[in-house]
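quick check, what structure comes out for this input:
(chains A, B, C and D)
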Number of protein chains: 2
Amino acid sequence: MSEHELLPIVGQPAPERRDAARNRDAVMCAAQRLVDRDGVEAVTMDAVAEAAGVGKGTVFRRFGSRAGLMARLLDDSEAAWQAAVISGPPPLGPGADPRERLLAFGRSRLEANLRHADLLLAAVGDDTSRSYAAYSFTATHVRYLLGEIGVSGDIALLATALLAPLEVPILRQQVEVENLGVERIVAGWEDLVGRVIAPTTGPPPR
Amino acid sequence: MSEHELLPIVGQPAPERRDAARNRDAVMCAAQRLVDRDGVEAVTMDAVAEAAGVGKGTVFRRFGSRAGLMARLLDDSEAAWQAAVISGPPPLGPGADPRERLLAFGRSRLEANLRHADLLLAAVGDDTSRSYAAYSFTATHVRYLLGEIGVSGDIALLATALLAPLEVPILRQQVEVENLGVERIVAGWEDLVGRVIAPTTGPPPR
DNA sequence: GGTCTAAACGGACCACAGTCCGCTTCTATT
DNA sequence: AATAGAAGCGGACTGTGGTCCGTTTAGACC
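Have a look, this model is predicted:
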């Protein structure tokens, strides 16, 4: 045996075996089909495994958990959305005034969260740390825009304050329990942005 | 049989049988003990039932679900908190300036949410509608205070915007992942209140 | 083609939330 | 005290997420 072959090349992420790739695709297709047909809630891991013609253990090996599988189902649309934010046309993408971009961001994220509400909730599961990657991107972007706008104050906390009302459970509550229209919620968020980024010229709260 | 006895007296909530009351107490005591000893996450319904010396069916009959049981464990402290808000001493209770009351409310709710984070999360479970009673109270109170302050705009949405960053998952993220101190988060929330209730004298966002 | 090994597979298995239904116990009524 | 019937009880049972481990297979090297 020639020893230089044995040295692991760091950074090479170990190529995926062909059967593994095939099964991964089969599972994701089956999962997507079942979600489309029965709704996120009704899809069980056993059903996915059987529909994919694969053992249950295989599904968990590839996706870790139900939440992990659901998260993967969101990957495409999330990646597209992030691409639109980073390099798409204005006002969502770069080129527009940062205030415009922030408003476009909010509307866009709000609509995406409502559109994929079920999947997003299922993708979080009950594990302590949320699916941090997605959240981290939005937080970073909002902080960046607030900085560009020149907002003074604790930017990290202000970004959280703007993102919190866009969280799925809160939007669901507003839409499904309080029967607020989406346009009203968007308008409310834009008003909130106005108040948050306005120079604090009024008297302090106390 | 005398027929007038058969008429149900509407509004009389059917008195609780004595064995039922005994079991209810036993279950709640056992649950509290297990939660204190092992933490919320580690407490199973089987364990509660056994510790209470009761069948599993009984636990579910009385509390509906694990989330329901956890919610009951919060009842005392939640009721005390609500009483403090409604009729306790200022600045949390009535008597103080509404701005003062709002700031006190935020700090108090934030601390309570962090103190009981595990139990609150377990009490929500994954059922679509949240434990609406508790949320509804806070929302109503914040709307009332915003009205008293004389804030102009969509009061319902502004109340949501103030409450959203106090939600348990968001606070946990800030404290446990981003390592923000509680005082900093409180200060950030007070700053947010200032921006939200300030007369919008600055230029509109666009 | 043969051989070897790590990766992948799959389904039996486990834990836990929640349901069901035949049995027991309380309590109102006489 | 006796009776009746409703309220309550309990534990076997089910469905689902997740784990484990003996078996299979891809693919690298000869």
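
what does stretch A:159-175 contact?
Applying CB atoms under 8 Å, 6 or more residues apart in numbering or on different chains, the contact partners of stretch A:159-175 are A:102, A:106, A:109-110, A:113-114, A:117, A:120-121, A:135, A:138-139, A:142-143, A:146, A:180, A:182, A:185, A:188-189, A:192-193, A:196, B:128-130, B:135, B:157, B:160-161, B:164-165, B:167, B:169-170, B:174, B:188-189, B:192. C-beta coordinates here come from the backbone N, C-alpha and C atoms, glycine included.

and those, which are buried?
Buried members of these, counted by 16 or more other CB atoms under 10 Å in any protein chain shown: A:102, A:106, A:109-110, A:113-114, A:117, A:120-121, A:135, A:138-139, A:142-143, A:146, A:180, A:185, A:188-189, A:192-193, A:196, B:130, B:135, B:157, B:160-161, B:164-165, B:167, B:169-170, B:174, B:188-189, B:192.

and the gap between residue A:32 and residue A:83?
As judged by CB to CB, to the nearest Å, residue A:32 and residue A:83 stand 21 Å apart.

of those two, which one has the most company?
residue A:32 (15 against 11; other CB atoms under 10 Å in any protein chain shown).

find the nearest non-adjacent residue to the more buried one, please.
residue A:73 (6.0 Å; CB to CB, 6 or more residues apart in numbering or on different chains).

what sits against that neighbour?
With contact set as CB under 8 Å, 6+ apart, residue A:73 has these partners: A:28, A:31, A:32, A:35, A:119, A:123.

filter these down to just the ones in helices.
In helices, judged by DSSP state H, the following of the contacts of residue A:73 are found: A:28, A:31, A:32, A:35, A:119, A:123.

could you find the closest non-adjacent residue to the residue nearest to the spatial centre of chain A?
Nearest residue to the geometric centre of chain A (CA atoms, centre = their mean): residue A:134, 4.3 Å. Nearest residue to residue A:134, sequence neighbours excluded (CB to CB, 6+ apart): residue A:78, at 6.0 Å.

now do the one you found against DNA strand D, distance only.
Distance, residue A:78 to DNA strand D, using CB to the nearest atom of the strand, to the nearest Å: 20 Å.

burial measure for that residue, as a count.
Around residue A:78 there are 19 other residues, counting by other CB under 10 Å.

now name the helix or strand holding it.
Using DSSP states H and E, residue A:78 sits within helix A:66-87.

what does residue A:103 give?
With DSSP H and E as the criterion, the answer for residue A:103 is helix A:98-115.

what packs against the helix or strand hosting residue A:57?
Element membership for residue A:57, per DSSP H and E: helix A:56-63. Applying 3 or more CB pairs under 8 Å, 6 or more residues apart in numbering or on different chains; DSSP states H and E, we find helix A:56-63 packed against helix A:18-38, helix A:45-52, helix A:66-87.

can you narrow the buried ones among the contacts of stretch A:159-175 to ones near DNA strand C?
Among the buried ones among the contacts of stretch A:159-175, no residue sits close to DNA strand C (CB under 7 Å from any atom of the strand).

now, the residues you listed that are in helices?
Filtering these for helices - DSSP H - leaves A:102, A:106, A:109-110, A:113-114, A:117, A:120-121, A:135, A:138-139, A:142-143, A:146, A:185, A:188-189, A:192-193, A:196, B:135, B:157, B:160-161, B:169-170, B:188-189, B:192.

what is the neighbour count of residue A:90?
Other residues lying near residue A:90 total 12 when counted by other CB under 10 Å.

let me fix that, I meant to ask about residue A:89.
Neighbours of residue A:89 (other CB under 10 Å): 10.

check for me that it belongs to a strand.
No. Using DSSP: H, G, I helix; E, B strand; the rest coil, the assignment for residue A:89 is coil, not a strand.

what distance do you get for the closest residue to it other than its chain neighbours to DNA strand D?
Spatially, and ignoring its direct neighbours in sequence, residue A:89 is nearest to residue A:95 (7.4 Å; CB to CB, 6+ apart). Noted for residue A:95: a distance of 42 Å to DNA strand D, by CB to the nearest atom of the strand.

centre of the chain to stretch A:135-147, how far?
Mean C-alpha position of stretch A:135-147 versus that of the full chain (CA atoms, centre = their mean, to the nearest Å) differs by 13 Å.

follow-up on the earlier one: relative to residue A:112, how far out is the residue nearest to the centre of chain A?
Residue A:134 is 10 Å from residue A:112, where distance means CB to CB.

who touches both of those two?
With CB under 8 Å, 6+ apart as the test, residue A:134 and residue A:112 reach no residue in common.

returning to that earlier point: and the buried ones among the ones in helices among the contacts of residue A:73, selectable in ChimeraX?
Of these, the buried ones can be selected in ChimeraX as follows, counting by 16+ other CB under 10 Å:
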select /A:28,31,35,119,123
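
can you redo the ones in helices among the contacts of residue A:73 as CSV with distance to DNA strand C and pLDDT?
Formatted as CSV, the ones in helices among the contacts of residue A:73 follow (distance: CB to the nearest atom of the strand, whole Å; pLDDT from 0 to 100):
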residue, distance to DNA strand C, pLDDT
A:28, 13, 98
A:31, 15, 98
A:32, 18, 98
A:35, 20, 98
A:119, 21, 96
A:123, 20, 94
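
how about JSON lines for the ones in helices among the contacts of residue A:73, with distance to residue A:69 added?
Formatted as JSON lines, these follow (distance: CB to CB, whole Å):
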{"residue": "A:28", "distance to residue A:69": "8"}
{"residue": "A:31", "distance to residue A:69": "6"}
{"residue": "A:32", "distance to residue A:69": "10"}
{"residue": "A:35", "distance to residue A:69": "10"}
{"residue": "A:119", "distance to residue A:69": "10"}
{"residue": "A:123", "distance to residue A:69": "9"}
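
between the ones in helices among the contacts of residue A:73, which sits nearest residue A:15?
Distances from residue A:15 to those, taken as CB to CB, are shortest for residue A:28 (18.8 Å).

tell me where the model's unsure across chain A.
Within chain A, the stretches falling below the threshold (pLDDT under 70) are A:1-14, A:127-131, A:200-206.

flag every residue of it that's near DNA strand D.
Residues of chain A lying near DNA strand D by CB under 7 Å from any atom of the strand: A:1-2, A:5, A:15, A:17-19, A:43-46, A:56-57, A:60-61, A:64-67, A:125.
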